[in-house]
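> I would like to see how this sequence folds:
(chains A and B)
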2 protein chains.
Amino acid sequence: MENAPTPANILAIGFSFWQSKVLLSAVELGVFNELAKGPADLATLSKKLGLHARSARDFLDALVALKLIDRQDGRYSNTPETDLYLDRDKPGYVGGLLEMANARLYSSWGLLTEALKTGRNQSESKESGDLFGALYADPARLRGFLTAMSGGSLAPAQALAAKFPWKNYKTFADIGTAQGMLPATLASAHPHLLGAGFDLPEVKPVFEEFIAGRGVSDRVKFLAGNFLTDPLPSAEVLIMGRILHDWDLAQKRMLLQKAFAALPKGGALIVYETMIDDERRENAMGLLLSLNMLIETQGGFDFTGADCQTWMHEAGFSQTRVEPLTGQQSMAVAIK
Amino acid sequence: MENAPTPANILAIGFSFWQSKVLLSAVELGVFNELAKGPADLATLSKKLGLHARSARDFLDALVALKLIDRQDGRYSNTPETDLYLDRDKPGYVGGLLEMANARLYSSWGLLTEALKTGRNQSESKESGDLFGALYADPARLRGFLTAMSGGSLAPAQALAAKFPWKNYKTFADIGTAQGMLPATLASAHPHLLGAGFDLPEVKPVFEEFIAGRGVSDRVKFLAGNFLTDPLPSAEVLIMGRILHDWDLAQKRMLLQKAFAALPKGGALIVYETMIDDERRENAMGLLLSLNMLIETQGGFDFTGADCQTWMHEAGFSQTRVEPLTGQQSMAVAIK
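Reported below is the predicted structural model:
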């Protein structure tokens, strides 16, 4: 009986949208920002956050039980993790991703069954089919999206700064750079590097503000362009972080061919993604992200390291390798 | 650096609605029912389930990575757990709870922030304020709700059958019995027991069909009544399983007083719930369930074992105790 199957794991997965939504609402309501100022008791925090008396205590204690905040002698406080990563005023803020999940993805994912049956995207780009056109047309939404992308770039950027042999290279360009988290992190970690962030022209002011805030404006510049229609910039190392998964197979191949064309002999292309394990049975987050591409894009999908290496060879690269970056993310490196 | 905080846990919680929705859609689409007939390859399963080619492989492999199905030599199969608990044709089916989550709760929880600010319920009973009136008015929806409740009753009913000293008692009544999972389980486990399920008259046909299917119709009968407005039936043991949390404090107290009045001297009241730990910092599911009561009901909330014992004493009971039932559920027992 000890090892008899139980429904506990099934129900925990099925109802995990509850814990998810509690965290997403906490970010929306500014819980972690408020607690970054210092511990607060139930009454004070309820008033500051605008929480109703019926809801406040269960909500805050649920965050305690989820280990997202702490409570001592009736006063709530951030944990070390949430203080670093969910205070909007700190450079490690990853909450932009959660803001995006709360504002857009949670409801789009409510239509997953339809997406599974039709193969068609279900986000607000459902009508136009053009997610990025819709996002980039509105400066406020664009800024939100770019900030969200930084939330997802922080950890892999730190890993990439540590795990790639940067001492062998002097220049890099980040293709589809968004706010510039990756070039800022690389330039900060390696003072000999000169870098660029390549993205649509609408991104420039958000990028330059961010890069200036990180104190690396002298070594990181913005290059405007459209990677679907323009050639890619030249540098000894090109990086494509979480952009290939947005596009269909023909577009993926086209982007890899453009990278090959733009690199000098001996130059390196780094593709990093939440790559699915080659057996497609371990990295659940990679497979779920691929379903997110189903929900969000017309043809995007995530892929394995082996898939990526195959496409890299097809594009002309001779040497390729895949290495882990973070718990769930990997980089495929190709040398021209 | 090994122990440095990372955003990984934060992002895992924030995006756990993805794994949740994949399972909920799998139940909706009948994945586990289809695989209960035998293993199937991608093409066969896609056709039977109506999955689009773009979506099917990622969806099924995500279920593999979540350990909800298995895949060997290209053929998908249920795991022992999902075969037992997610095949609609098996008595252990708990998927009714997930069907309810998919059809109603996922979208209602999208309004959590509003509920936290206003203290008001957000489900389809938002206008009328009467969740149960809305559910009980439609026979098909009522059957769905009652089946869902059985999904949540299976594990605690088995634990309650094993952990309470039933040999000391001959009769019991389950208050708010729904489909009758609890009385059926108790009667099956203890052939000397005579039991009853008490619920609104609309429940009778669903209850009697279920009890007949379990082969205990000779010892388990249905008693029609409204626990808010009628006296409770008399038996040596009364059970209130996951009903007190639906109601506000005054209604909770009134129900406990009615139980005290209905019991003989020496009789026992058992209240089982996903009780919050007394410190309100460990049992996240109890606190999240309380927020579900915020979303679903006008005044309901979950509570700790200490809270329940206090109310039991106020209702006149002299001896009370709290014991664990399943990983997250506990029972409070009061002796008259």
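> hey, let's count contacts and neighbours off CA atoms from now on
Noted.
> What segments of the stretch 151-300 of chain A are strands?
A:171-175, A:194-199, A:220-224, A:237-241, A:268-273 (DSSP state E, counting those that start in this stretch).
> neighbouring strands for the second one, and are they parallel or not?
Which is strand A:194-199. strand A:171-175 (parallel), strand A:220-224 (parallel) (DSSP bridges).
> what's the answer for the last one, then?
Strands that pair with strand A:268-273, judged by DSSP bridges, come out as strand A:237-241 (parallel), strand A:330-335 (antiparallel).
> Make CSV from those and add mean pLDDT, mean neighbour count and distance to residue B:68 to it.
Output for those, formatted as CSV (pLDDT from 0 to 100; neighbours: other C-alpha atoms under 10 Å in any protein chain shown; distance: least, C-alpha to C-alpha, whole Å):
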stretch, mean pLDDT, mean neighbour count, distance to residue B:68
strand A:237-241, 98, 24, 30
strand A:330-335, 98, 24, 25
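> Mind putting these into TSV with distance to residue A:45?
Shown next, in TSV, are those (distance: least, C-alpha to C-alpha, whole Å):
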stretch	distance to residue A:45
strand A:237-241	39
strand A:330-335	40
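> The helix or strand of chain A with the lowest mean pLDDT: which residues count as buried?
One helix or strand of chain A scores below all others by mean pLDDT, DSSP states H and E: helix A:131-136, with a mean of 76. For helix A:131-136, the neighbour count (16 or more other C-alpha atoms under 10 Å in any protein chain shown) marks A:131, A:135, A:136 as buried.
> Work out for me the element the residue in the stretch 1-150 of chain A that chain B sits nearest to sits within.
Using C-alpha to the nearest C-alpha, the closest approach of the stretch 1-150 of chain A to chain B is made by residue A:17 at 4.1 Å. Residue A:17 is located in helix A:16-29, with elements delineated by DSSP states H and E.
> so what secondary structure elements neighbour that helix?
helix A:53-65, helix A:95-100, helix B:8-14, helix B:16-29, helix B:106-109, helix B:112-118 (3 or more C-alpha pairs under 8 Å, 6 or more residues apart in numbering or on different chains; DSSP states H and E).
> Identify the residues contacting the next helix or strand after that helix?
Sequence order places helix A:31-36 as the next helix or strand after helix A:16-29, per DSSP H and E. Helix A:31-36 is contacted by residues A:26, A:45, A:48-49, A:76-78, A:82-83, A:86-89 when judged by C-alpha atoms under 8 Å, 6 or more residues apart in numbering or on different chains.
> just those now: which is nearest residue A:289?
residue A:86 (21.7 Å; C-alpha to C-alpha).
> Next one: the closest one relative to residue B:186, how far apart?
According to C-alpha to C-alpha, to the nearest Å, residue A:86 and residue B:186 sit 48 Å apart.
> circling back: for residue A:286, which of the helices and strands packed on helix A:16-29 is the nearest?
helix B:16-29 (11.3 Å).
> hmm, back to that, any chance of the helices and strands packed on helix A:16-29 in TSV, with mean pLDDT, mean neighbour count and distance to residue B:64 too?
Putting the helices and strands packed on helix A:16-29 into TSV (pLDDT from 0 to 100; neighbours: other C-alpha under 10 Å; distance: least, C-alpha to C-alpha, whole Å) gives the following:
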stretch	mean pLDDT	mean neighbour count	distance to residue B:64
helix A:53-65	97	22	29
helix A:95-100	91	24	26
helix B:8-14	92	18	18
helix B:16-29	98	23	11
helix B:106-109	96	22	23
helix B:112-118	97	21	31
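> Minimum distance to residue A:147: which of those helices has it?
helix A:95-100 (5.4 Å).
> quick one: that closest one near chain B?
Yes: under the criterion of C-alpha under 8 Å from any C-alpha of the partner chain, chain B is reached by helix A:95-100 at residue A:98.
> hmm, who's touching that helix?
Residues outside helix A:95-100 that contact it (C-alpha under 8 Å, 6+ apart): A:24, A:27-28, A:85-88, A:144-145, A:147-152, B:11, B:14-15.
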